[in-house]
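Asks: coordinates only, sequence not included:
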Ligand code: SER
């Protein structure tokens, strides 16, 4: 199943369960000073969970654009870290609760996309006997496929939160650490978390208090790229049809071959990931700058350019990748096709500016190194490094 088909199948499935399909919200949060960028499917829906706003329907389903940069150094080094990803979700605002959320997740996974039941595992919050019993007694999940985990509690700073139940797919022993206690929740790659069902029943206040919500809700999140990697039987999200064509294009421009060198692969994956993030951020109105969201964009774009240099690509290249990103995502992510030219112009300007910065920084660094060598020094002083970084934007 192609990534775009999977997105559609999910939304249609929940539409058949009386959910209203909403377009992805912008990455720029509305009326939410607690967030810089949207990083979860539920984030733009917070006011519906807390009762501050009335939702258009009590059941909603979305495929939400998300940006997370906390783990940016892991991007390209693991099978599943991204700065940009899409999160599939079904939401109940005071409507259905645990029982339906669990049964429908199971139905979608085993009957619609037909995953092998024997490879599915779940975790539940230690005290949540109700979720345990639904999985075990109603769904028929064997007890040795259910783990109770203390950290099964989902929250995103202020706002709605609650215990959760995560669904994992067993990628097989060959992907595991081999430790006898390896189970879902282990840090190794064997059990891939594919879906998180959050039973939202508290509101966390700015003071860190957990106030029970008047109505109980459901917030679920399934990473589109991860699910696609399972369905397409790929080693990582980067090899799915949602990302791989970008990597292929970058490899062609750099005249390198994917999967021949570990460092080359990291750079290609970073570029594949970052090209998507850049395109979608700009389409939502973020522009490169030295602060806030604009700085996040600038940092991601510059990282992509640097990895391009590491691969030996000279000159502007990201604009061509924007074409590939929009070719892949244009039909599923609203707003990209209409803003195609604009996105390319912004990327071209920023890329050119950064290339000038790099050239200038390299000249300065070269001169500095010569001076230092003449003085028999063996280190570039921190103050000089800082000046290059802070004043000239030269990468550390
Ligand atoms: N909010 C939960 C998450 O992001 C489920 O949607 O994982």
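Replies: Received it, and whenever you're ready, just let me know what you need. Bear in mind the structure is a predicted one, so any value in this text is a computation, not a measurement.
Asks: can we go C-alpha only for contacts and neighbour counts from here?
Replies: OK.
Asks: which single residue of this structure ends up nearest the ligand?
Replies: Scanning the chain for proximity to the ligand using Cα to the nearest ligand atom identifies residue 221 as nearest, at 3.3 Å.
Asks: need the contact partners of the helix or strand hosting that residue.
Replies: The secondary structure element spanning residue 221 is strand 210-223 (assigned by DSSP states H and E). For strand 210-223, the external contacting residues (Cα atoms under 8 Å, 6 or more residues apart in numbering) are 40-42, 49-50, 85-98, 101, 194-205.
Asks: which bits of the stretch 51-200 of the chain sit near the ligand?
Replies: Within the stretch 51-200 of the chain, the residues that sit near the ligand (Cα under 6 Å from any ligand atom) are 196-198.
Asks: where in this structure is pLDDT low?
Replies: Low-confidence segments of the chain (pLDDT under 70): none present.
Asks: tell me which residue is most central in it.
Replies: Computing the C-alpha centroid of the chain and ranking residues by Cα atoms, centre = their mean puts residue 85 first, at 3.4 Å.
Asks: in the strand holding residue 221, what's buried?
Replies: By 16 or more other Cα atoms under 10 Å, the buried positions in strand 210-223 come out as 210, 213, 215-223.
Asks: from residue 152, how far out is residue 125?
Replies: Between residue 125 and residue 152 the distance, using Cα to Cα, to the nearest Å, works out to 5 Å.
Asks: what's the answer for residue 84, then?
Replies: Here residue 84 is placed at a distance of 24 Å from residue 152 (Cα to Cα).
Asks: ranges for the strands of this protein?
Replies: Using DSSP state E, the strands assigned to the chain run over residues 20-22, 59-67, 84-93, 120-124, 146-148, 153-154, 159-170, 191-204, 210-223.
Asks: the residue nearest to residue 139 when sequence neighbours are not counted: neighbouring residues, count only.
Replies: In this structure, residue 139 finds its nearest non-sequential neighbour in residue 103, 6.9 Å apart by Cα to Cα, 6 or more residues apart in numbering. When counting by other Cα atoms under 10 Å, one arrives at 14 neighbours for residue 103.
Asks: could you do residue 367 as well?
Replies: Counted with other Cα under 10 Å, the neighbours of residue 367 add up to 12.
Asks: ok, now which ones touch it?
Replies: Contacts were defined as Cα under 8 Å, 6+ apart; by that measure residue 367 touches no other residue.
Asks: can we start the residue count at 768 from this point?
Replies: Shifting the count to begin at 768 puts that one at residue 1134.
Asks: do you know how far it is from residue 1075?
Replies: For residue 1134, the distance to residue 1075 (Cα to Cα) stands at 24 Å.
Asks: contact partners for residue 1093?
Replies: Going by Cα under 8 Å, 6+ apart, the list of residues near residue 1093 reads 1046, 1103-1104, 1107.
Asks: go through the residues of the stretch 818-967 of the chain next to the ligand and name the one nearest residue 1086.
Replies: Checking those against residue 1086 by Cα to Cα gives residue 963 as the nearest, at 35.0 Å.
Asks: pretty sure residue 933 contacts residue 958?
Replies: No - checked against Cα atoms under 8 Å, the pair residue 933 and residue 958 is beyond contact range at 11.0 Å.
Asks: residue 1119 is in contact with residue 1084, isn't it?
Replies: No - applying Cα under 8 Å as the test, residue 1119 and residue 1084 come out as separate, 10.0 Å apart.
Asks: so which of the two has more stuff around it?
Replies: Between residue 1119 and residue 1084, counted using other Cα under 10 Å, residue 1084 has the larger neighbour count: 19 against 13.
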